[in-house]
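**Student:** everything below, folded, please.
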Amino acid sequence: MREHTPSEAVPANLREIAATGAAGILWRLREEGRQLDANLVRLAAGERIDQHAEPDLDVLLVVVSGAGTLTTGDGAVGLTPGALAWLAHGRARAVEAGPEGLSYLTVHRRRPGLRIGFRS
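**Tutor:** You can find the predicted model right below:
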C-alpha cells in the first residue's frame, strides 16, 4: 500500500493501483492531522460488501475501474468507471462487484481517534 506524504502534489495514480488485481484496501491517506479519510477499495469478481449503514459520516464513492451494483433503500443502480454516489449517513447500502471486479474510492470526514478518559 502506498502512503501519502504532504509534499506530493499527486499522491497516487488510482487507475494504476487498481489494475494490480489485488483485492482489499489498496491505498489510503495516512498523513497525520488530515481532515479527510480516503480509501481505494478493490472487490474481486462477485465479491460483496453486505448491507450496512454508516451512522455518523456521509461517504462519497467514486468508481475507478470495473463494474458492479450499489443497492440502497431506493433500489439497485449499476456502477461503472466514473460513477459517483453520495451515501448519506444512516442510510443502508451494499456494494457488489461484477464479473471483472470493482475498484472504488471512498472519501469521508476523518473519524476522531479513540480516546480514553472521562465524560464531562
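**Student:** and the residue minimising distance to the centre of the chain, which of the three is it?
**Tutor:** For the chain, the residue nearest the mean C-alpha position is Thr106 (2.7 Å; CA atoms, centre = their mean). Recorded secondary structure, Thr106: strand (DSSP: H, G, I helix; E, B strand; the rest coil).
**Student:** show me where pLDDT drops low in this protein?
**Tutor:** Within the chain, the stretches with pLDDT under 70 are 1-11, 112-120.
**Student:** need the helices for it, in chain order.
**Tutor:** 14-18 (DSSP state H).
**Student:** which residue ranges of this structure form strands?
**Tutor:** 2-3, 24-28, 36-43, 48-53, 59-72, 75-79, 84-87, 92-109 (DSSP state E).
**Student:** could I get the contacting residues of the residue nearest to the centre of the chain?
**Tutor:** Going by CB atoms under 8 Å, 6 or more residues apart in numbering, Thr106 touches 37-39, 41, 59-61. For the C-beta atoms, the positions are set from N, CA and C on the backbone; glycine is no exception.
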